[in-house]
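S.K.: coordinates only, no sequence provided:
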């Protein structure tokens, strides 16, 4: 992992994600790109200005936000008492309405390996991620690491990988390089209707293929009296991982996992970082 993109809107949850990204970038020896998307001014026809004047307005706005971003980066490093030279970094500001699309454009142009973003929001999936974060997870072909608002960085020692066991080998190969950096254990967590045939042989074969010994296969029978959310939450609350990893195929899958029934209020609050990697 060589390059990490960190979008910010200068909010507290975004600052927390910036702090986390500095710490993890140091461990991964990755370059950081801090990015802010500033809203483009309204149509020059509405403002009654010329195209040249409009370009000046946009240019001045970008320059002002660049100053704010530079100051935000400086303050984050000071709060961490962190030597700014330990992590290579740069700041990028663009003007645009479609924030997620601008994030992905910057990520593509800079060949980013990971996007780190904060979480916030009100209801539904937004309660977990915030509308932009949820949209980013849905659209991004690049892995997205979502950091809860009040979560403080901890060295990653335990990873829970929620899996349907459909593409376990391929998905583990994406997780293991990160796990190896921290010598972390990986719990492969699976809720099943029908248990895997000969699970011991399945698991031994898996370990042989990935050549990573710090793995466990955790299979729990699907309890139809509980939502998937509740069973996952109970396991997370008991085992308190440092990272949850998921491979959603599409946004609907993520919503089905985290949304309760229509008559049941969503009460889950993300307590640890979530790494979302698009299912291949």
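M.R.: Arrived safely, thanks for sending. Predicted model only: the values in this text are computed from it and were never measured.
S.K.: residue 14 sits in which helix or strand?
M.R.: Assigned by DSSP states H and E, residue 14 falls within helix 12-28.
S.K.: point out where the protein drops to low pLDDT.
M.R.: 40-48, 83-87, 120-131, 195-198, 250-269 (pLDDT under 70).
S.K.: just the strands in it please.
M.R.: 3-7, 31-38, 89-95, 114-118, 144-147, 158-162, 185-192, 215-221, 243-246, 274-276 (DSSP state E).
S.K.: could you dump those strands into a markdown table and include distance to residue 235?
M.R.: All C-beta spots, glycine's among them, are computed from the backbone N, C-alpha and C. Below are the strands of the chain laid out as a markdown table (distance: least, Cβ to Cβ, whole Å):
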| stretch | distance to residue 235 |
| --- | --- |
| strand 3-7 | 29 |
| strand 31-38 | 33 |
| strand 89-95 | 36 |
| strand 114-118 | 25 |
| strand 144-147 | 19 |
| strand 158-162 | 7 |
| strand 185-192 | 6 |
| strand 215-221 | 7 |
| strand 243-246 | 10 |
| strand 274-276 | 15 |
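S.K.: about what we covered before: tell me how far the helix holding residue 14 is from the chain's mean position?
M.R.: 11 Å (Cα atoms, centre = their mean, to the nearest Å).
S.K.: and it, which residues are buried?
M.R.: 13-25, 28 (16 or more other Cβ atoms under 10 Å).
S.K.: let me know the closest of those to residue 73.
M.R.: residue 18 (7.4 Å; Cβ to Cβ).
S.K.: that closest one against residue 33, yeah?
M.R.: No - assessed by Cβ atoms under 8 Å, residue 18 is found out of contact with residue 33, at 11.4 Å.
S.K.: joint contacts of the two?
M.R.: residue 6 (Cβ atoms under 8 Å, 6 or more residues apart in numbering).
S.K.: count of residues packed around residue 209?
M.R.: Neighbourhood size, residue 209 [other Cβ atoms under 10 Å]: 12.
S.K.: so who does it touch?
M.R.: Here residue 209 is in contact with residue 169 (Cβ under 8 Å, 6+ apart).
S.K.: kindly report the same for residue 111.
M.R.: 2, 3.
S.K.: for it, phi and psi?
M.R.: Torsion angles at residue 111 (phi, psi; degrees, to the nearest 10) stand at phi 50, psi 50.
S.K.: from residue 218, how far out is residue 191?
M.R.: As judged by Cβ to Cβ, to the nearest Å, residue 191 and residue 218 stand 10 Å apart.
S.K.: among these two, which residue is more densely surrounded?
M.R.: Each of residue 191 and residue 218 has its neighbours counted (other Cβ under 10 Å); residue 191 has more, 18 against 15.
S.K.: got a list of what the closest residue in space to residue 17 that isn't next to it in sequence touches?
M.R.: Nearest residue to residue 17 in three dimensions, chain neighbours excluded: residue 118, at 3.8 Å (Cβ to Cβ, 6 or more residues apart in numbering). Residue 118 makes contact with 8, 11, 13, 14, 15, 16, 17, 130, 133, 146, 147, 149, according to Cβ under 8 Å, 6+ apart.
S.K.: and which of those is nearest residue 224?
M.R.: Residue 224 lies nearest to residue 146 out of the contacts of residue 118, by Cβ to Cβ, at 29.0 Å.
S.K.: give the contact list for residue 146.
M.R.: Applying Cβ under 8 Å, 6+ apart, the residues contacting residue 146 are 117, 118, 119, 128, 129, 133, 137, 270, 273, 274, 275, 276.
S.K.: what sits against the last one?
M.R.: Meaning residue 276. 137, 143, 144, 145, 146, 246, 247, 248, 254.
S.K.: look up the closest residue to the second one, ignoring the ones flanking it.
M.R.: Once flanking residues are discounted, residue 143 sits nearest to residue 277: 4.5 Å by Cβ to Cβ, 6+ apart.
S.K.: hang on, residue 219 packs against residue 187?
M.R.: No - counting by Cβ under 8 Å, residue 219 does not reach residue 187; the two are 10.8 Å apart.
S.K.: those two: who's more crowded?
M.R.: residue 187 (20 against 15).
S.K.: that one is in contact with residue 218, isn't it?
M.R.: Yes - Residue 187 lies in contact with residue 218 (Cβ under 8 Å); the separation is 5.2 Å.
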